[in-house]
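**Q** Sequence unavailable; structure follows:
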């Protein structure tokens, strides 16, 4: 029977016959992930389960990226718990200090996750690796503890919504805009319990990084996974990250989809998600003129090198508005170094940006960019829930890196084309 | 399980930042997390809640982060059951793993008003509104999830498998 991409990947990791949506299957996992917020709870559950060893020390990643550099004594104590556990278990992929990056940028860069894998992570944006053709999904800490101990977990086979994206985008429109547009169409619960499978010429034209930006936000539509077929581009990306043996993987012809959503990007303007939900999406010009106090360029959604390049292209030779804090956070040490090499750091500093270390900090209102009451931010991050970046009386608008950079210069939300 | 308490109505798409904001995620202690439950929705929300009260929510309750601190904070607040039109996926799994009972009742949710007195019977699979006398049927717990519940949660389930 023809299988969707989600079914096909699940099938590679189970001895059961993956037949239909709704079926419960037990699958072996390729990688289990947790961070400095979720790992301490996972470790607690792991010990309560009576587990003594992780199922495979090479298949567990612990990335202390959320409150890094530690913001206070409590967060330092949490990292200590994770560090001690990693040492005790002999975990290969443990990252903190100068080695740490935002987990969903770091793991693909290091070749730790890739096409055809099943990745479960105690972080909702684990779905990012769908951009590489991995069935990757977020779970809670106790589920992750179970997976760390057993090397397997259960999945309900999701029904799939096929998203066909066609057309050639205009300047300053890309992956983030496609995804915001989709979330605006189907809503924050539009893909609840379901898989999103992306295809079409506009998707084929995207870089693997762009696909990860889209997959990252599948959860913002309620989705279990956001999947892209792995093609020649994916394999080249994976090989450059040091992986071998990966193969191209796509859905079978005739696979059954719950519905198909068609999007033409040809006339699409840059998209902005307005407070307080990611589906409150408007073309940028409808939000233009709104005064901002902060711009954040970074996170697991848009903190990769091509995002840094996009922001730098706008910031070059211009100055950030004197009343705006423009925070630039390259997502990994590798991206940081690449920014230095390409002269992007010079551009960020010359334009008056605050360049910080790789951290999730401001995205979740953790630290390094918290908003006061009445303040408004534009961010390349993935969530704009009420109070997400600080005060309950603050507002977060989501956009692509070009819109965020242009808005930092203008001091108000603006279409980069009108700068 | 039978629970009788006051219903606390919340809206659609109540996210995990509303249930427990990031600034409180520097502990895993249920009492501390419980004391700040729903602090991202409304400051001091918890002051209206008594033990065995029930959260009654709209669509997509628990959307957002995978933070297990969210169901823990609800349990820590003394709330054993959440009834919603629908739940976000990760939160749904987390709830059962933590022993927080989650009941999906679809449009039946409209039959419960804020501050109504309700009785939840998980075995019978129904919610009774004691204020209005309405009876609302609930979706059954999926078979596999029931196995985890029967084992006493995911921790004992895995413990059994590991031994």
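**A** Cool, got the structure. In this text the structure is predicted, and so the values were computed from the model without any measurement.

**Q** Touching, residue B:134 and residue B:113? I think so.
**A** No. Between residue B:134 and residue B:113 there is no contact under C-beta atoms under 8 Å: 10.0 Å. From N, CA and C alone the C-beta is placed, and that goes for glycine too.

**Q** Okay, the spatially closest residue to residue A:231 that is not a sequence neighbour and chain B: tell me how far apart.
**A** Once flanking residues are discounted, residue A:231 sits nearest to residue A:248: 5.9 Å by C-beta to C-beta, 6 or more residues apart in numbering or on different chains. Plainly put, residue A:248 is 29 Å away from chain B if you go by C-beta to the nearest C-beta, to the nearest Å.

**Q** And residue A:195, by the same measure?
**A** The gap separating residue A:195 from chain B is 11 Å, by C-beta to the nearest C-beta.

**Q** now swap in residue A:180 and tell me
**A** Taken as C-beta to the nearest C-beta, the span from residue A:180 to chain B is 16 Å.

**Q** How about residue A:177?
**A** To chain B, residue A:177 is 22 Å away according to C-beta to the nearest C-beta.

**Q** Work out for me the element that residue sits within.
**A** helix A:175-186 (DSSP states H and E).

**Q** Show me what counts as buried in that helix.
**A** A:175-184, A:186 (16 or more other C-beta atoms under 10 Å in any protein chain shown).

**Q** Determine how far the least confident helix or strand in chain B by mean pLDDT lies from the middle of the whole chain.
**A** The helix or strand of chain B with the lowest confidence, counting by mean pLDDT, DSSP states H and E, is helix B:143-151 at a mean of 76. Chain-centre distance of helix B:143-151: 17 Å, with C-alpha atoms, centre = their mean, to the nearest Å.

**Q** The following helix or strand past it and chain A, any residue contact?
**A** Using DSSP H and E, the helix or strand that follows helix B:143-151 in sequence is helix B:154-162. Yes. Applying C-beta under 8 Å from any C-beta of the partner chain, one finds helix B:154-162 in contact with chain A at B:154-155, B:157-159, B:161-162.

**Q** show me what contacts residue A:44?
**A** A:141, A:145, B:28 (C-beta atoms under 8 Å, 6 or more residues apart in numbering or on different chains).

**Q** ok, the residue of the stretch 101-250 of chain A found nearest chain B to residue A:212 distance?
**A** As assessed by C-beta to the nearest C-beta, chain B sits closest to residue A:140 within the stretch 101-250 of chain A, at 3.6 Å. According to C-beta to C-beta, to the nearest Å, residue A:140 and residue A:212 sit 23 Å apart.

**Q** for residue B:74, same thing?
**A** 32 Å.

**Q** Next: residue A:411.
**A** 31 Å.

**Q** Neighbour count: the two, which is higher?
**A** Shown here are residue A:411 and residue A:212; by other C-beta atoms under 10 Å in any protein chain shown, residue A:212 has more neighbours (27 against 16).

**Q** And the pLDDT at that one?
**A** Residue A:212 carries a pLDDT value of 98.

**Q** and it, which of the three is it?
**A** Recorded secondary structure, residue A:212: helix (DSSP: H, G, I helix; E, B strand; the rest coil).

**Q** Shouldn't residue A:61 be within a strand?
**A** Yes. Per three-state DSSP, residue A:61 lies within a strand segment.

**Q** Leaving out the residues flanking it, which one is nearest to it?
**A** In this structure, residue A:61 finds its nearest non-sequential neighbour in residue A:93, 4.0 Å apart by C-beta to C-beta, 6+ apart.

**Q** I'd say that neighbour and residue A:106 touch.
**A** No. Counting by C-beta under 8 Å, no contact exists between residue A:93 and residue A:106, whose distance comes to 9.2 Å.

**Q** overlap in contacts of the two?
**A** Listed as contacting both residue A:93 and residue A:106 by C-beta under 8 Å, 6+ apart are A:63, A:112.

**Q** When those two are compared, which one has more neighbours?
**A** residue A:106 (25 against 18).

**Q** and the residue nearest to the spatial centre of chain B, what are its phi and psi?
**A** Central residue of chain B (C-alpha atoms, centre = their mean): residue B:82, 2.9 Å from the mean position. The phi/psi pair for residue B:82 (degrees, to the nearest 10) reads phi -120, psi 130.
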